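Engineer: Following is a predicted model, sequence given first.
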Amino acid sequence: MNGETVISTKGLTKRFGTKTVVDDVDLEVKRGEIVGFLGPNGSGKTTTIRMICGLLRPDAGEGTALGLDIRTQADLIKREVGYMTQRFSFYEDLTIRENLEFVARLYRLPDRRKTVDDTLDRLGLENLDAIESDLSSWGADAEFERVGALAVAVEPHEVEWLHELAAEARARGDESVRLLDQHETRAAVASPTYLGSVWETRTNALVHPGKLASELARIAEELGVEIFEHSPVRRVDTPGSTGAVAVETDQGRVLARHAVLATNVFPALLKRNRLMTVPVYDYVLMTEPLTAEQLASIGWHGRQGISDMANQFHYYRMTRDGRILFGGYDAVYHYGGRVRASYEDRRASFEKLAAHFFTTFPQLEGVRFSHRWAGAIDTSTRFCAFFGTARDDRVAYASGFTGLGVAATRFAGEVMLDLLEHRENERTSLRMVRERPLPFPPEPAASIGINATRWSLDRADHERGRRNLLLKTLDALGLGFDS
Ligand SMILES: Cc1cc2nc3c(=O)[nH]c(=O)nc-3n(C[C@H](O)[C@H](O)[C@H](O)COP(=O)(O)OP(=O)(O)OC[C@H]3O[C@@H](n4cnc5c(N)ncnc54)[C@H](O)[C@@H]3O)c2cc1C
């Protein structure tokens, strides 16, 4: 409101040693007024402004800014008032981010990155809790087991990363994360390659993916959903006049108020998403069921989901019938970025996995692999999902789960419904929901870039984790593993 007093001082005085730089200043500024201070250097202009903004304590006199006392409520004033210096007073030996973090600490702002991480962690856990309770209340048997995750170090530099992980958990007061030394880790799961581990007791669950898909389909149908299989959608149309979405297949056309596109790694139905993901092939082996003696030789009574800390990591799980699923390491991109069944059979990758399996568990020498398979991972440049709407908010999409979509697709489903209903909440205010990652470049640049990144990650794994210039540049741009 015009006329309201926003700045008021009486007898404002500041001394530096014996020198009085601001002497008995009375000032009153009303809302809407623009006031300029004129005077030679050293006449006390900046010092007066700094006292009014709560940045400097007066030696005498009193004052208010926005109705807040400049002596006793300086912290509150600092939250409301901005102050632009004549010259940028950044520390030149700090980066822009370091300068901002320094100022944020001075102003006791909550650590933004930590707040974001904490929110993501909490939403992730709530999502996993909801999967667990939904499956149980629907009576769905998908072999769901909340076993936690064991991240194991197999190279000395990875032990340092474990300590960092554990320290981060301690800092946020998370007592569900435990740091295990080499002895404790090998006591939990007997592998001579383990140098230590972090056990996240709540963040991970086992699930039988085939049973999960068929149980979800059963429940959806019981709720009245009609499922049409073997009917690829060729086009999504939004004829302006109807306000509807038309989904075109070879056999027919489905009209709806809204459509949700969850086409994963397969060619995107929206042009804007064609370069947003690339298919990267991931390979998996499954052993025959282990005998009681073989099981006893590895321990693993906690049945945790295990993965190692390397950039090119292995992941392995124990099935309900005592088999070990062992996958990862090779992540293969084929020139042209197509999804093809022929890419799934790659003998070199399976042989490498088998060799790594027996290095991990030499006591299982002689165990046979009864199954092998591969699949394409919808990799995005920021290594996690992106979301959005198109066609006047009638169509929502999510993709780019980069190999971790079993739980995350439930979260994405909720985000897509939020977006279609224009709901603003904690989920939709996340940066990962509001911002899309950078697309991949077209070929041949995509192939060159992806293969150079893979080569660099492999080299980092073999050189004590040291990241080369390419990886550091990608990190700085928020692309890839550290984003
Ligand atoms: C080898 C391997 C191991 C993995 N391990 C894990 C793991 O341990 N943990 C984890 O969380 N994730 C893992 N993933 C990733 C996980 O499987 C996926 O992220 C997840 O299945 C994605 O679910 P979705 O519903 O988005 O896609 P999908 O399950 O692929 O479903 C997409 C569906 O859309 C259909 N579709 C696509 N285009 C069209 C069209 N035009 N018309 C009609 N239908 C269409 C497809 O046929 C498909 O049925 C792994 C993936 C692979 C390949």
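Structural biologist: Now that the structure is in, tell me what you want to look at.
Engineer: Where does residue 355 sit: helix, strand or coil?
Structural biologist: Under DSSP: H, G, I helix; E, B strand; the rest coil, residue 355 falls in the helix class.
Engineer: The ligand contacts on this structure?
Structural biologist: Within the chain, the positions adjacent to the ligand are 232-233, 262-264, 266, 269, 282, 284, 327, 374-375, 377, 401, 403-407, 409 by Cβ under 6 Å from any ligand atom. (Each C-beta comes from the backbone N, C-alpha and C, glycine too.)
Engineer: Any of the residues you listed buried? List them.
Structural biologist: By neighbour count, with 16 or more other Cβ atoms under 10 Å, those hold 233, 263-264, 269, 282, 284, 327, 374-375, 377, 401, 403, 405, 407, 409 as buried.
Engineer: Out of those, which one has the lowest pLDDT?
Structural biologist: Among those, residue 403 carries the lowest pLDDT, at 91.
Engineer: about what we covered before: out of the buried ones among the residues of the chain next to the ligand, which one sits closest to residue 122?
Structural biologist: residue 407 (14.2 Å; Cβ to Cβ).
Engineer: immediately after the host helix or strand of residue 213, which helix or strand?
Structural biologist: Assigned by DSSP states H and E, residue 213 belongs to helix 209-222. Where DSSP H and E defines the elements, the next helix or strand beyond helix 209-222 is strand 233-237.
Engineer: thinking again about what came up before, now, the residues of the chain next to the ligand that are in helices?
Structural biologist: residue 409 (DSSP state H).
Engineer: Strands - which of the residues of the chain next to the ligand land there?
Structural biologist: 233, 282, 284, 327, 374-375, 377 (DSSP state E).
Engineer: Need the residues you listed in JSON lines (columns: distance to residue 203).
Structural biologist: Below are these laid out as JSON lines (distance: Cβ to Cβ, whole Å):
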{"residue": "233", "distance to residue 203": "34"}
{"residue": "282", "distance to residue 203": "21"}
{"residue": "284", "distance to residue 203": "21"}
{"residue": "327", "distance to residue 203": "19"}
{"residue": "374", "distance to residue 203": "26"}
{"residue": "375", "distance to residue 203": "23"}
{"residue": "377", "distance to residue 203": "20"}
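Engineer: Could you identify the most distant pair in those?
Structural biologist: Pairwise distances across those (Cβ to Cβ) peak at 29.7 Å, for the pair 233 and 327.
Engineer: pretty sure residue 169 is touching residue 177, no?
Structural biologist: Yes. Using Cβ atoms under 8 Å, residue 169 is in contact with residue 177, at 3.6 Å.
Engineer: Now do the shared contacts for those two.
Structural biologist: residue 198 (Cβ atoms under 8 Å, 6 or more residues apart in numbering).
Engineer: who are the neighbours in contact with residue 404?
Structural biologist: residue 384.
Engineer: To clarify, my last question referred to residue 409.
Structural biologist: By Cβ under 8 Å, 6+ apart, the contact set of residue 409 is 262, 398, 401.
Engineer: Ok, residue 321 next?
Structural biologist: Here residue 321 is in contact with residue 289 (criterion: Cβ under 8 Å, 6+ apart).
Engineer: Please apply the same query to the one 3 residues further on.
Structural biologist: Taking Cβ under 8 Å, 6+ apart as the criterion, residue 324 is in contact with 286-287, 290, 316-318, 357, 361.
Engineer: so can I have CSV of those showing pLDDT?
Structural biologist: Compiled in CSV, the contacts of residue 324 are given as follows (pLDDT from 0 to 100):
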residue, pLDDT
286, 98
287, 98
290, 98
316, 97
317, 97
318, 97
357, 98
361, 98
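Engineer: Show the buried residues in those residues.
Structural biologist: Counted by 16+ other Cβ under 10 Å, these give 286-287, 290, 316-318, 357, 361 as buried.
Engineer: Among those residues, which one sits closest to the ligand?
Structural biologist: residue 317 (7.2 Å; Cβ to the nearest ligand atom).
Engineer: So that closest one: helix, strand or coil?
Structural biologist: Residue 317 is classified as strand under three-state DSSP.
Engineer: Now do the helices in the stretch 301-450 of the chain.
Structural biologist: Counting by DSSP state H, counting those that start in this stretch, residue ranges of the helices within the stretch 301-450 of the chain are 347-360, 408-420, 431-434, 445-462.
Engineer: ok, and which of those helices has the densest surroundings?
Structural biologist: helix 408-420 (a mean of 19; mean count of other Cβ atoms under 10 Å).
Engineer: Name the residue most distant from the centre of the chain?
Structural biologist: Computed with Cα atoms, centre = their mean, the residue of the chain farthest from its C-alpha average is residue 18, at 55.3 Å.
Engineer: do you know how far that one is from residue 24?
Structural biologist: Relative to residue 24, residue 18 is positioned 17 Å away (Cβ to Cβ, to the nearest Å).
Engineer: for the helix or strand harbouring residue 152, packing partners?
Structural biologist: If you go by DSSP H and E, residue 152 is part of strand 149-153. Judged by 3 or more Cβ pairs under 8 Å, 6 or more residues apart in numbering; DSSP states H and E, strand 149-153 is in contact with helix 156-171, helix 182-188, strand 196-200, strand 305-308.
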